[in-house]
Structures are given as structure tokens and as C-alpha cells.
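Asker: I would like to see how this sequence folds:
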Amino acid sequence: MKKNNKTITAIVGVATVALLAYGAYKVTRPQVGIINFQTVQQTAKAYVAAAEQQKKYDEQIQAIIMKDKDFIQLEAEGKKLAEQQKTMPKEEFEHKSNALQQRALKINERYRASFERNAMASQLALKALEKQIAEAIEATSQRTGAKVLLPVNTILYASEKADFTKVFVEELDKRAQTVNYPDPVTLQ
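Answerer: Below you'll find the model as predicted:
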């Protein structure tokens, strides 16, 4: 009987220590967590895919601009003017420089709509992720025990234990590996 009492006492002692350790762990778990969305945009697969698509379309527009005859001529005249700057009267240089800037603005205006459509396509692609983002936030909260998740840019200080960015990225990557990026040409 004494041996059983010692065994029971030992088991109760171990259980008490385990409960205390669990209680200490539970107390030290942050109730408020943070997510660094800048890091999310740089590492989550869907965000990276959207950024790659936007870059691809931007590069296509830039390639068209580089072949634009007006742009090529403007670039050549700009180089020539830069070379003549030291030998040209200041007023004449400023006049010619202003004229080149006005032409550059007209060329820029010609392609502005293309860049805007591309930016719109990127926004639409990321908007399509809203459901997956909401699900990933909920899963991150459940997985970490955090009752509140805030973007890092709203926080003055948080310990590293409260940063759940990595967990959030993992949860988002489970839900969205890529993103449906609309063709900017089709957008108005």
C-alpha cells in the first residue's frame, strides 16, 4: 500500500508540474499577434506570383516604349543637348530642355493608361485573394492562440513571440499558390 501511495504521489506530482508548466506556457503565449504584411507580400506565393505578372506586363509596355520612334528621337536629342550644355547659353539650354520635357510628358501620357490598366489588374488579382486571406487569418489565430491579429505597422512594440507572419504566410500558401491575374489589355 505504501508503494502504491508513493507511486500515486509521484504521478500527482508529475501531473502538477505538467499543469504548472502548461499554465506558465499558456500565460506567456501572446493573446495579441502581429503580421508584417510587407514580408507577406515578399514571401507568400500568391503575392510573389502577382508581382511577377505585374513586372512582366510592365516590361512589355517598356519594351514598346523603347521602340517608339518619338521616344528614340527624344532620347537622342536629350543626349545631344546634354553634350552641348557647357557650350550653350544658359537661357537657350533651359528653353530646349523645357521643350524636351514637354515632349517627354506627351509620350508618357500616351502610355500612362497602359501602366494604369496593369496596376488595376494587379489590384483585381489581389482582391480575388480576400477570401483566402481571411481564412488564413482565422487559421493563424487558431494555430497560435492569438485572440487579436494586427498589422505590424500599427504597433509601437511587440516581442518576437507575437510575430505570426511566418505562420500566416504558411496558412496563406496552403490556400493560394498563385493568383488569377487578368490581362490588363482587356481592362477599361
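Asker: Domain-wise, how is the protein divided?
Answerer: 1-29, 31-186 (automatic domain parsing).
Asker: In space, what's closest to the residue positioned nearest the centre of the chain - neighbours in sequence excluded?
Answerer: Taking CA atoms, centre = their mean, the centroid of the chain lies closest to residue 41, which sits 2.3 Å from it. For residue 41, the nearest residue in space outside its immediate sequence neighbours is residue 47; the separation is 4.6 Å by CB to CB, 6 or more residues apart in numbering. (C-beta placed from N, C-alpha, C; glycine too.)
Asker: on that earlier part again, now that we have the domains of the chain, can you turn them into JSON lines and tack on mean pLDDT?
Answerer: Putting the domains of the chain into JSON lines (pLDDT from 0 to 100) gives the following:
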{"stretch": "domain 1-29", "mean pLDDT": "52"}
{"stretch": "domain 31-186", "mean pLDDT": "92"}
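Asker: Most tightly packed of these?
Answerer: Mean neighbour count (mean count of other CB atoms under 10 Å) peaks for domain 31-186 among the domains of the chain, with a mean of 15.
Asker: Over to that one now: how far is its first residue from its last?
Answerer: In domain 31-186, first residue to last residue: 46 Å (CA to CA, to the nearest Å).
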